[in-house]
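Undergrad: only geometry, no sequence info:
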């Protein structure tokens with residue numbers, strides 16, 4: 001179930017800097033199950049990124065799939081950002097129906113670990129860079145509305161209910 005800022009207990013974790021993921025405390029199967037659970041939650045909510053605290057877990061893990069390629073990143077850090085900024089409208093599964101414009105570096109380099117504990121380094125730009133930065137904010141206890149301007153609400157209409 002998706003945690004939102006509308007519940008005080010859930011908002012507290014959403015606004016908490018998350019704990020380092022300790023691979024030694026989790027079996028490979030537990031890690032696979034965690035990634036599978038996060039992926040299912042993200043897909044169910046029609047998201048393109050999800051951090052662990054959005055489903056109630058205090059660990060530095062996020063997943064992303066803005067296109068065909070799927071990413072599961074543990075203990076990520078942004079190690080390089082471009083001076084060039086880009087502005088895009090963002091939304092968040094933990095802030096339902098609210099959108100706003102957010103300025104972010106156009107290109108980043110992210111370092112972390114994959115689900116096998118292997119070091120990874122990813123150069124990202126465009127939507128992928130934006131999703132990574134959005135999820136990194138979650139791991140630091142920052143919600144997109146803290147950075148966004150021109151906030152507005154959209155009611156998401158379920159087309160199946162109306163047919």
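TA: Structure received. Everything numeric in this text was worked out from a predicted model, so none of it was measured.

Undergrad: Going by C-alpha atoms from here, please, whenever you check contacts or count neighbours.
TA: Will do.

Undergrad: which residues does the most centrally placed residue in the chain contact?
TA: Here the mean C-alpha position of the chain is nearest to the C-alpha of residue 135 (Cα atoms, centre = their mean), at a distance of 2.9 Å. For residue 135, the residues meeting the contact criterion (Cα atoms under 8 Å, 6 or more residues apart in numbering) are 49-51, 62.

Undergrad: Tell me which entries of these lie within helices.
TA: The helices in this structure, assigned by DSSP state H, contain none of those.

Undergrad: Just name the closest of those residues to residue 112, please.
TA: The closest of those to residue 112 turns out to be residue 62 (Cα to Cα; 10.6 Å).

Undergrad: who's in contact with the closest residue to that closest one other than its chain neighbours?
TA: Nearest non-adjacent residue to residue 62, counting by Cα to Cα, 6 or more residues apart in numbering: residue 51, 4.1 Å away. Shown here is residue 51, whose contacts under the criterion Cα under 8 Å, 6+ apart are 60-63, 135, 138-139.

Undergrad: residue boundaries of the strands in the protein?
TA: According to DSSP state E, the chain carries its strands in the segments 49-51, 61-64, 71-81, 85-92, 95-105, 107-113, 119-125, 149-153.

Undergrad: what lines up beside the fourth one in the sheet?
TA: So the one you mean is strand 85-92. strand 95-105 (antiparallel) (DSSP bridges).

Undergrad: Mind listing what's buried along stretch 102-122?
TA: The neighbour-count check on stretch 102-122 (16 or more other Cα atoms under 10 Å) flags 102, 104-115, 117 as buried.

Undergrad: average pLDDT for it?
TA: Mean pLDDT, computed over stretch 102-122, is 97.

Undergrad: Check stretch 79-98 too.
TA: Across stretch 79-98, pLDDT averages out at 96.

Undergrad: Could you check how many residues crowd around the residue lying closest to residue 101 once chain neighbours are set aside?
TA: Spatial nearest neighbour of residue 101, chain neighbours left out: residue 89 (4.2 Å); criterion: Cα to Cα, 6+ apart. Neighbour count for residue 89, taken as other Cα atoms under 10 Å: 13.

Undergrad: wait, residue 89 sits on residue 104?
TA: No - distance between residue 89 and residue 104: 10.8 Å, which falls outside the contact criterion (Cα atoms under 8 Å).

Undergrad: Now residue 2: closest residue in space, sequence neighbours ignored.
TA: The shortest distance from residue 2 to any residue that is not its chain neighbour, by Cα to Cα, 6+ apart, is 5.3 Å, and that residue is residue 55.
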